[in-house]
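1. Quick check, what structure comes out for this input:
(one chain, ligands or ions: 1)
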Amino acid sequence: MTEKLACKAIIFDFDGTLADSMPFLESIGVQVMMKYYGVSKDDAAIRYKSTTGLPYEHQIKLNFPDHSQNDEAIEEFERMKIERIYDQELSSGAENMLSELRSIGFSMFVSSSTFEPTITEYCRRAGLLDFFVEILGYRPGFEKGAHHFKHVEKEHHLSLDDVIFVGDSIKDYERALGYCRFVALEGMFKELDFRQAGHNGHVIQSLSEMTSIVELL
Ligand SMILES: [Mg+2]
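-> Next comes the predicted model:
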């Protein structure tokens, strides 16, 4: 694809997009499924991957509906996550990209299924806080996707026609549908996975490609 995406604002997913946290999150996510539900590692990995991009709470409830161990499993995952999430590196090129996009004049946001205080603290430690107009994280009833996008539209007076969402999961692509244009970042999912899901827009292999595919409206 060579056509540039004209926009005013760019919303970034967090895990696997700005932060290189997916190998860690997948490993604890799979570990918790194996421990609480007695599934094999391969089965847990498939269950994790097919629901990745959603809050872990939803990943568990979709995979193991009404299971009595759910609350405990979700709590254990969140406990393990908070212990090591701040040790996860930024994705390659993230800081440069944010700096370049800001200098061009884009408004930037984060929309994630991770809790907002966790992302804010991660960004504070990484020196990234100033890049974002607002960081939107998960709380029940306020999720990455429609809720966050409508919030950006309403509170920051942006038309979603002028907004791009960048994410690394199939769920991210699905959640952008009907709201804003989507740029897929390869990582856990490859270009073929996004194409098979129906995405016909940009797929990038590295965040450093962002500056060459967007232009300020
Ligand atoms: Mg992600």
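2. Do you know the pLDDT at the closest residue to the ion within the chain?
-> Minimum separation of the chain from the ion (CB to the ion) falls at G16, amounting to 3.6 Å. No exception for glycine: its C-beta is placed from N, CA and C like everyone else's. pLDDT recorded at G16 is 98.
3. now do E3
-> 81.
4. Could you check how many residues crowd around it?
-> Close neighbours of E3, defined as other CB atoms under 10 Å, add up to 8.
5. And the one 3 residues further on, by the same measure?
-> Residue crowding around A6 was assessed by other CB under 10 Å; the count is 13.
6. now G38
-> When neighbours are defined as other CB under 10 Å, G38 has 10 of them.
7. cool, and the one 10 residues further on?
-> Burial measure for Y48: 23 neighbouring residues, criterion other CB under 10 Å.
8. cool, G201 as well?
-> Other residues close to G201 by other CB under 10 Å number 16.
9. quick check, it in a strand?
-> No - going by DSSP: H, G, I helix; E, B strand; the rest coil, the assignment for G201 is coil, not a strand.
10. The ion contacts on the protein?
-> The chain comes close to the ion at residues D13, D15, G16, D168, S169, as judged by CB under 5 Å from the ion.
11. Can you name the two of those residues that sit furthest apart?
-> The largest separation in the residues of the chain next to the ion, counting by CB to CB, is between D15 and S169 at 8.8 Å.
12. sec struct for the closest residue to H202 other than its chain neighbours, please.
-> Nearest non-adjacent residue to H202, counting by CB to CB, 6 or more residues apart in numbering: V183, 4.7 Å away. Look at V183: counting by three-state DSSP, its state is strand.
13. Next: the one 4 residues further on.
-> Assigned state for G187: coil (three-state reduction, three-state DSSP).
14. list the contacts for it?
-> G187 makes contact with G16, T17, M22, D168, according to CB atoms under 8 Å, 6 or more residues apart in numbering.
15. so of these, which ones are in helices?
-> The members of these that map onto helices under DSSP state H are M22.
16. can I get the contacts of G187 in CSV with neighbour count?
-> Output for those, formatted as CSV (neighbours: other CB atoms under 10 Å):
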residue, neighbour count
G16, 24
T17, 26
M22, 20
D168, 26
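17. out of the contacts of G187, who's nearest L217?
-> Checking these one by one against L217 (CB to CB), the nearest turns out to be T17, at 21.9 Å.
18. now the strands: where do they sit in this structure?
-> Using DSSP state E, the strands of the chain run over residues 5-7, 9-12, 107-111, 134-136, 163-167, 181-185, 203-204, 214-216.
19. In JSON lines, list those strands along with distance to V32.
-> Shown next, in JSON lines, are the strands of the chain (distance: least, CB to CB, whole Å):
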{"stretch": "strand 5-7", "distance to V32": "37"}
{"stretch": "strand 9-12", "distance to V32": "26"}
{"stretch": "strand 107-111", "distance to V32": "24"}
{"stretch": "strand 134-136", "distance to V32": "25"}
{"stretch": "strand 163-167", "distance to V32": "23"}
{"stretch": "strand 181-185", "distance to V32": "25"}
{"stretch": "strand 203-204", "distance to V32": "30"}
{"stretch": "strand 214-216", "distance to V32": "37"}
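20. Correct me if wrong: H151 contacts G137.
-> No - H151 is not in contact with G137 according to CB atoms under 8 Å; the separation is 11.6 Å.
21. of these two, who's got more company?
-> Between H151 and G137, counted using other CB under 10 Å, G137 has the larger neighbour count: 21 against 15.
22. Sounds good, over and out.
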